[in-house]
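J.: Got a predicted model here, sequence first, then my questions.
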Amino acid sequence: MGETFSWLKGHGTENDFVLLPDPDGTVHGDLDAALVRFLCDRHAGIGADGVLRVIEGSKQAYVEDGGAWFMDYWNSDGTIGEMCGNGIRVFARYLAEAGLVGDKPVRIGTRAGIKEVSFNDDGTITVDMGEPSFPGPAGIVVEANGHQWPALHVNVGNPHAVAFVDDLREPGALVDPPVWSPAEAYPNGVNVEFVVRKGPNQVQMRVHERGSGETRSCGTGTCAVAVASARAAHQEAPVTYKVGVPGGELTVTWREDNHLEMTGPAVIHARGEFSRSWLPA
């Protein structure tokens, strides 16, 4: 590994990421959790909600089918994540701006399987997020700021607990992860969404992401929220929801074939070189 490496930074509805170009998988080898934590540190590092390593699908060793390109996604605390909806749009934006893909749909591998990503004429990016599932157990309750709410478990490649609240201020500052019960429901942690209805097929949410804390947006979370909102309203697919997040708005369509499509913006807004000598001893 060299002493310096290139990095970029981008965001999707203000959910921000450090991107590490590593096409043949030799720049970073097995990415180190300590490096991820340092890069994501908003005071000592670059600052981000997570890290996206960009590897050719055939050069990674994490999943059998890595697609044309593989998104090696890490949370800001140095843990590995299965999937990131905002991250994959930023990942695709980088591929397009770097001339690594054209304007045709591209298959991107993740630890939650292959996701097909399409570039729209208005500059937004659409991701086929696959099929949601609703694994047990029933009766999940989440707690934050002294309040409790029933929650629906939705899996969109990673786990989510979706709770409907009367006011988005009720969960408080969300500095610490919400507590859930039964505790064994999420042995590896969970993303918790708090949701209010704003109108027909329109909701607003806040999210505490496992491994990252409260973020300005969560792509997989908006998908989980759209599905949970449709089920709560006794709606069947196809149905489309506008999901507001602190960083903007995403559109989620629950298609008739049970797949979820998420559409939203993604931008690359910084780039530079990093020296490994800057890392703490």
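T.: Now that the structure is in, tell me what you want to look at.

J.: what's across from residue 114 in the sheet?
T.: As for beta bridges, residue 114 partners with residue 109 under DSSP bridges.

J.: Put the alpha carbons of whichever strand or helix holds residue 196 into CSV.
T.: If you go by DSSP states H and E, residue 196 is part of strand 191-199. Presented in CSV, the C-alpha positions along strand 191-199 are these (Å, rounded to 0.1, in the frame of the first residue of the first chain):
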residue,chain,number,x,y,z
ASN,A,191,-31.7,1.4,12.0
VAL,A,192,-34.6,3.1,13.7
GLU,A,193,-36.9,5.4,11.8
PHE,A,194,-39.4,7.8,13.4
VAL,A,195,-42.2,8.9,11.0
VAL,A,196,-45.0,11.4,10.8
ARG,A,197,-47.6,11.6,8.0
LYS,A,198,-47.7,14.9,6.1
GLY,A,199,-50.4,14.2,3.6
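
J.: Sheet partners, orientation included, of that strand?
T.: Strand 191-199 has these strand partners (DSSP bridges): strand 159-164 (parallel), strand 202-209 (antiparallel).

J.: With residue 56 as the reference, name the closest of those.
T.: Smallest distance to residue 56 across those (CB to CB): 27.5 Å, for strand 202-209. Quick note: C-beta positions are derived from backbone N, CA and C, even for glycine.

J.: May I see the buried residues of stretch 99-109?
T.: Of the residues in stretch 99-109, 100-101, 106-109 count as buried by neighbour count, 16 or more other CB atoms under 10 Å.

J.: for stretch 186-201, same thing?
T.: Neighbour-count burial for stretch 186-201 [16+ other CB under 10 Å]: 186, 190-195, 201.

J.: closest to residue 62 among those?
T.: Closest approach between these and residue 62, by CB to CB: residue 191, at 20.9 Å.

J.: distance of that closest one from residue 176?
T.: From residue 191 across to residue 176, the span is 15 Å (CB to CB, to the nearest Å).

J.: ditto for residue 116
T.: For residue 116, the distance to residue 176 - CB to CB - is 37 Å.

J.: show me the contacts for the most centrally placed residue in the chain.
T.: Centroid check for the chain by CA atoms, centre = their mean gives residue 84 as the closest residue, at 2.6 Å. Counting by CB atoms under 8 Å, 6 or more residues apart in numbering, residue 84 touches 17, 50, 52, 71, 73, 110, 219-220.

J.: Can you tell me which of those end up in helices?
T.: Those of those mapping onto helices are 219-220, per DSSP state H.

J.: what's residue 144 sitting at in phi/psi?
T.: phi -160, psi 140 (degrees, to the nearest 10).

J.: any idea how far it lies from residue 180?
T.: 10 Å.

J.: average pLDDT for stretch 235-246?
T.: Stretch 235-246 carries an average pLDDT of 97.
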